[in-house]
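Chemist: I'll drop the sequence and a predicted model, then ask my questions.
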Amino acid sequence: MTHTATTAGLDPATLTDLLRVAGSPGFDRLTEQLRRTGGCSQPIHLTGATKTIDRATGTLLHHYSTDTEPGGRLRIACGNRRATRCPACAWTYAGDTYHLIRAGLTGDPDKGTPTTIRDHPRVFATLTAPSFGPVHNRPGNRTCRCGIRHPEDAPELGTPLDPETYDYAGAVLWNNHASDLWRYFTIYLRREIAKRAGLTQKAAREQSKVSFGKVAEYQKRGAVHFHAVIRFDGPEGPDTPPPAWATLDLLDDAIRAAAARVEVAVPAVPEAGV
Ligand SMILES: [Zn+2]
Ligand SMILES: [Zn+2]
């Protein structure tokens, strides 16, 4: 006779545990928590209580404590964007990203972007970190530089070919300053646009708003990169048409020029040898 647990691919101890949890009084609430966390594989466990009190009357309006939750804990999704850390959260994030980008490109009246923006010049740009040294990869159908044809889920993908020479400090600094890099990019972009339009920055801004829809993601090598929809809108935003000078060519050219100029100076730390 085949043991039930073995048939299900579980060892008897796990099956016993599973039945114990399924039979416990808080099971319905537990499944609700699991559903609300989107199947997160590493949820954050919270314990504590909150009270909402009416300031004028001192009446207790709402009270919540994790004491009544299964195991005395509330689970919330980890929100990690890396599939290797949490497939469920990374998948949710990818879906959110898709909708954000799509709304920026084709419009989404539910999100306050009219579909007329389809006629606005817009660019879907990816801003990527420079090389910090070669990493294991899958270049098309060819083999990696290490001579191996790595399978899609190989753990070594994105790791340095030569850890001795890889610029780890550069990679860390890049991620650390990614938000500043992005901020400078947007400042330079407005400058480059005004310059190409032959206008002052103020005049350019008054005639056309530049809209950004940006998401940060991790590449396999662990570096942050940005996907962005950059769009010319009219003076009042997405509901108004952009002026004639705001062309796709001008935008494309200005994006390339701005991206090439961005730099963040980081003070050296001699003790750390960086
Ligand atoms: Zn998660
Ligand atoms: Zn390799």
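Modeler: That came in fine, so what should we check first? Ligands and ions are numbered 1, 2, ... in the order given.
Chemist: just for this protein, where's the confidence low?
Modeler: Along the chain, segments meeting pLDDT under 70 span 1-9, 271-274.
Chemist: per the record, what domains does it have?
Modeler: Per automatic domain parsing, the structural domains of the chain span 87-132+167-265, 136-162.
Chemist: Tell me where the protein has helices.
Modeler: For the chain, applying DSSP state H gives helices covering 4-7, 12-23, 27-36, 87-106, 168-176, 178-197, 201-207, 248-261.
Chemist: mind listing the strands for the stretch 101-250 of the chain?
Modeler: Per DSSP state E, counting those that start in this stretch, the stretch 101-250 of the chain carries strands over the ranges 122-127, 210-218, 224-232.
Chemist: Could you give me the buried positions within the second one?
Modeler: Spelled out, that is strand 210-218. Neighbour counts using 16 or more other C-beta atoms under 10 Å place 210-211, 213-218 of strand 210-218 among the buried residues. All C-beta atoms are positioned from the backbone trio N, CA, C, and that covers glycine.
Chemist: Same check on the first one?
Modeler: Buried positions in strand 122-127, judged by neighbour count with 16+ other C-beta under 10 Å: 122-123, 125, 127.
Chemist: now the closest residue to Arg149 other than its chain neighbours: how far from Gln219?
Modeler: Spatial nearest neighbour of Arg149, excluding adjacent residues (C-beta to C-beta, 6 or more residues apart in numbering): Thr143 at 4.6 Å. In this view, Thr143 and Gln219 are 20 Å apart by C-beta to C-beta, to the nearest Å.
Chemist: likewise Arg122?
Modeler: Between Arg122 and Gln219 the computed distance is 24 Å (C-beta to C-beta).
Chemist: Ok, Val21 next?
Modeler: Look at Val21 and Gln219: by C-beta to C-beta, they are 38 Å apart.
Chemist: can you list the residues of the stretch 101-250 of the chain near ligand 2?
Modeler: Neighbours of ligand 2 within the stretch 101-250 of the chain, by C-beta under 5 Å from the ion: 136, 144, 146.
Chemist: Spatially nearest residue to the first one (excluding sequence neighbours)?
Modeler: In space, and not counting its chain neighbours, His136 is closest to Glu156: 4.7 Å by C-beta to C-beta, 6+ apart.
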